[in-house]
Structures are given as structure tokens and as C-alpha cells.
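**Q** Test case, fold it:
(one chain, ligands or ions: 2)
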Amino acid sequence: MTRKIIIDTDPGQDDAVAILLAMASPELEVLALVVVAGNVPLQYTRINARKVLELAGRPDIAVYVGCDRPMRRKLVTAEHVHGKTGLDGPDLPAPTMAERSQHGVDYLIDTLRAEPAGSITLCPLGPLTNIAMALIKAPDIAARIGEIVLMGGAYFEVGNITPSAEFNIYVDPDAADVVLNSGVKITMIPLDVTHRALATDARLAAIAAIDNQASRAVSAMLNFSERFDRVKYGWDGAPVHDPNVIAYLLRPELYTGRQINVAVELASELTLGMTVVDYWQITQRPRNVFYVRDMDAQGFYDLLIERLARLP
Ligand code: RIB
Ligand code: CA
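**A** Ligands and ions are numbered 1, 2, ... in the order given. Now for the predicted structure:
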């Protein structure tokens with residue numbers, strides 16, 4: 001039985017690797033990509049999503065364009081990591097496939113209403129703007145979403161865009177608050193986990209050794225996007241974030257976590273976007289999130305390499 005997913009994404013090299021992993025995994029039926037502003041402005045993420053699908057030989061996958069800015073705050077981007085286009089590294093051809101005309105938020109609403117309740121997993125890989133806007137516009141969809149498995153947040157690993165906040169949550173903390181309080185089943189893949197998924201030289205070499213079109217592009221992507229984090233963290237590899245969402249769907253046994261409360265700071269300028277994780281269950285706040293805390297990093301890379309080899 002395949003699992004129906006919708007990927008909400010701000011590609012972004014690591015988003016691109018997540019999309020490729022999903023394309024190579026027959027266990028998943030990717031209904032569509034919905035793009036959002038995040039790593040780079042929407043004008044680039046909407047192109048990048050289609051570039052990646054064509055790289056995977058999947059121009060049949062629908063791409064819907066969502067929100068071009070956070071619900072309330074000014075857009076913050078991350079060109080310092082991802083480059084001006086958001087997909088710097090490989091020289092991918094301009095896409096020829098078309099976007100769908102319906103707005104991404106309306107696509108989410110209509111699809112969740114049309115498909116059997118609980119049958120769809122939403123996989124946000126960027127700011128949560130589209131998901132939150134859909135929940136606000138159509139509150140009835142909350143009961144119809146099977147699960148949200150998102151990359152975002154941090155606690156023990158602290159922030160990456162500020163000392164206290166992870167990028168996806170920081171860009172649209174108001175959207176994160178809507179999602180966290182929606183009552184939907186949520187699994188959070190935070191920096192606490194993705195900082196274990198280091199793209200070491202050996203792992204990059206194994207990806208390059210696949211030597212197909214997709215892996216050559218992934219090599220170029222990761223070699224570009226890793227330069228900033230390798231200097232910043234001084235580790236023997238840069239963390240790779242978004243593909244862990246897809247890997248979690250494919251092999252959940254690679255990940256461990258606990259059901260606890262996660263809330264987000266909305267007021268303080270010092271800690272805006274911080275995910276306050278009640279890891280030791282000190283409060284009586286509702287346990288709204290399955291918070292993933294650890295992973296088998298080599299198991300993740302073994303899976304990623306095996307699946308990338310299946311692509312063109
Ligand atoms: O903090 C990491 C997250 O921010 C990843 O999703 C990356 O693509 C960026 O969007
Ligand atoms: Ca992302």
C-alpha cells in the first residue's frame with residue numbers, strides 16, 4: 001500500500017535531495033509539490049521545484065505555487081547557504097514543465113477534502129505558511145490530515161538562523177504556531193536530529209560514485225551548500241536536513257523520539273521562532289508533537305545512496 005504525500009517545499013539544495021529521494025521511492029505516492037518562499041524568494045523556489053522534478057524524469061508530478069511571504073512578518077531568506085537561485089551548485093536546465101494554475105493553499109484544501117480522511121501525509125520542508133493558511137481558510141481540513149511530518153525546530157542543538165531559532169520556524173513563527181495548535185498528528189524532525197546526518201567526505205564520495213544524472217547533481221548541490229556549514233560548525237561534514245522527512249516515512253526505525261509538548265515563541269525579538277520543547281515533561285501542556293531526537297545516520301545515508309542509484 002503506497003502512502004500518499006504532499007511535499008511543501010522551499011528548494012533549497014536539501015529540499016531537492018528530499019524530493020529526489022521521494023521520487024525514487026515507490027512506497028510513496030507524491031500527489032504534488034507545493035512551493036513556498038523560504039530559502040530563496042518564491043520566484044526561485046517555483047522554478048527549482050520543476051528543475052528537480054525534470055532532473056528525476058518526473059515532469060508528471062504537479063507543482064502548485066503557494067505563498068510568497070510569511071503570514072505576518074517580513075520574509076527572511078538564506079542565500080548565504082543556498083546561493084542566489086537557491087539551487088546553486090549544479091547547472092540544471094530551465095524547466096519546460098508548467099506549474100498548475102490553482103494556488104497552492106487552495107490545492108491543499110481541495111485535495112484534503114477530496115481524498116479519504118486521514119489518507120494524506122503533509123511533508124513541509126520549509127516555512128509553514130501554506131499549511132497554516134490552509135488550516136485558517138478551511139479549519140475542517142485539520143481532521144482530514146493524516147499526519148504532518150515536518151523538518152523544523154530545534155532545542156538541544158539551539159538555533160541556526162538565530163542563536164535560538166531554526167530557519168523554517170523562524171521565517172514564519174505565526175504559521176508554526178497555527179500548525180502546532182491544530183490538533184493534527186505532528187512529527188517534528190528538528191536540528192537535534194539533522195545535525196547527526198553529516199555529509200562527510202566518505203558519504204559525498206559514495207554519492208558521487210553512483211555517477212548517474214541525479215547523483216551528479218546531488219554531489220554538486222551538497223558540495224555547494226555545505227561550504228557555509230562546514231566553516232560555521234567545524235564538523236567533518238555539513239548537516240543535511242530535509243531528506244530526513246522522507247527517510248522517516250520510508251524507514252521510521254532509523255529514528256527515535258518522544259511525544260511531548262512543543263510551543264513556539266512569537267513575541268520576544270531575542271528568541272522569536274524558538275521551539276520551546278518540554279522534553280522532560282515538566283508542564284501540563286498538551287503533548288502535541290512526536291519530537292524526533294536521534295537517528296541512525298549511516299542507515300540514512302545507506303538508504304539515500306541506494307535510492308539515488310534508482311534515478312536517471
Ligand atoms: O533549518 C534547515 C531548514 O531550513 C531546511 O529545510 C533548509 O532547506 C532550510 O529551509
Ligand atoms: Ca527546506
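
**Q** Mind checking the pLDDT average for stretch 138-156?
**A** Mean per-residue pLDDT for stretch 138-156: 98.

**Q** Start and end of that stretch, how far apart?
**A** Stretch 138-156 has an end-to-end distance of 34 Å (CA to CA, to the nearest Å).

**Q** and that stretch, does that touch ligand 1?
**A** Yes - under the criterion of CB under 6 Å from any ligand atom, ligand 1 is reached by stretch 138-156 at Met151. Using the backbone N, CA and C atoms, a C-beta is placed for each residue, glycine as well.

**Q** now check that stretch, is it near ligand 2?
**A** No - under the criterion of CB under 5 Å from the ion, ligand 2 is not reached by stretch 138-156; the shortest gap measures 6.4 Å.

**Q** Now find how far off-centre that stretch is within its chain.
**A** 12 Å (CA atoms, centre = their mean, to the nearest Å).

**Q** Which stretches in the chain count as helices?
**A** For the chain, helices defined by DSSP state H occupy the ranges 13-23, 42-55, 79-82, 104-114, 129-137, 167-171, 173-180, 191-194, 201-210, 213-233, 243-250, 297-308.

**Q** From Ile148, how far out is the most centrally placed residue in the chain?
**A** Per CA atoms, centre = their mean, the C-alpha nearest to the average position across the chain is that of Leu125, at 1.6 Å. From Leu125 across to Ile148, the span is 12 Å (CB to CB, to the nearest Å).

**Q** Within range of ligand 1, give me the residues from the stretch 51-200 of the chain.
**A** Residues of the stretch 51-200 of the chain lying near ligand 1 (CB under 6 Å from any ligand atom): Leu125, Gly126, Met151, Asn160, Glu166, Phe167, Asn168.

**Q** wait, what's in contact with the last one?
**A** Read it as Asn168. Gly38, Pro124, Leu125, Gly126, Pro127, Leu128, Leu150, Met151, Gly152, Gly153, Ala176 (CB atoms under 8 Å, 6 or more residues apart in numbering).

**Q** Which pair of those residues spans the longest distance?
**A** Gly38 and Gly153 (14.6 Å; CB to CB).

**Q** in the stretch 101-250 of the chain, what residue is nearest ligand 1?
**A** Closest approach between the stretch 101-250 of the chain and ligand 1, counting by CB to the nearest ligand atom: Phe167, at 3.7 Å.

**Q** Spatially nearest residue to that residue, not counting backbone neighbours?
**A** Ile161 (4.3 Å; CB to CB, 6 or more residues apart in numbering).

**Q** same thing with Arg287?
**A** Distances taken as CB to CB, 6+ apart put Gln259 closest to Arg287, at 4.7 Å, once the chain neighbours are dropped.

**Q** Need the residues that contact stretch 252-259.
**A** 187, 189, 193, 244, 247-248, 279, 287, 289-296, 299-300, 303.

**Q** Show me just the buried residues among those residues.
**A** 187, 189, 193, 244, 247-248, 279, 289-293, 295-296, 300, 303 (16 or more other CB atoms under 10 Å).

**Q** How many residues are close by the nearest residue to Asp177 once chain neighbours are set aside?
**A** Nearest residue to Asp177 in three dimensions, chain neighbours excluded: Val264, at 5.2 Å (CB to CB, 6+ apart). Look at Val264: counted by other CB atoms under 10 Å, it has 26 neighbours.

**Q** beta partners of Ile186?
**A** Counting by DSSP bridges, Ile186 is bridged to Ile148, Val289.

**Q** my guess is it meets Ile148, correct?
**A** Yes - between Ile186 and Ile148 there is a contact under CB atoms under 8 Å: 4.8 Å.

**Q** Give the residues shared as contacts by those two.
**A** Val179.

**Q** Can you spell out which helices and strands pack onto the least confident helix or strand in the chain by mean pLDDT?
**A** Here the helix or strand of the chain ranked lowest by mean pLDDT, DSSP states H and E is helix 79-82, holding a mean of 90. Judged by 3 or more CB pairs under 8 Å, 6 or more residues apart in numbering; DSSP states H and E, helix 79-82 is in contact with helix 213-233.

**Q** Dump the C-alpha coordinates for the helix it packs on into CSV.
**A** The C-alpha atoms that make up helix 213-233 are tabulated as CSV, following Å, rounded to 0.1, in the frame of the first residue of the first chain:
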residue,chain,number,x,y,z
GLN,A,213,22.5,12.3,-13.6
ALA,A,214,20.7,12.7,-10.3
SER,A,215,23.7,11.8,-8.1
ARG,A,216,26.0,14.1,-10.1
ALA,A,217,23.6,16.9,-9.4
VAL,A,218,23.2,16.0,-5.7
SER,A,219,27.0,16.0,-5.4
ALA,A,220,27.2,19.5,-6.9
MET,A,221,24.3,20.7,-4.7
LEU,A,222,25.8,19.4,-1.4
ASN,A,223,29.3,20.5,-2.2
PHE,A,224,27.9,24.0,-2.8
SER,A,225,25.5,24.2,0.2
GLU,A,226,27.9,22.5,2.7
ARG,A,227,30.6,25.1,2.4
PHE,A,228,28.9,27.6,4.8
ASP,A,229,28.0,25.0,7.5
ARG,A,230,31.4,23.3,7.4
VAL,A,231,33.0,26.6,8.3
LYS,A,232,30.3,27.5,10.8
TYR,A,233,30.3,24.2,12.7
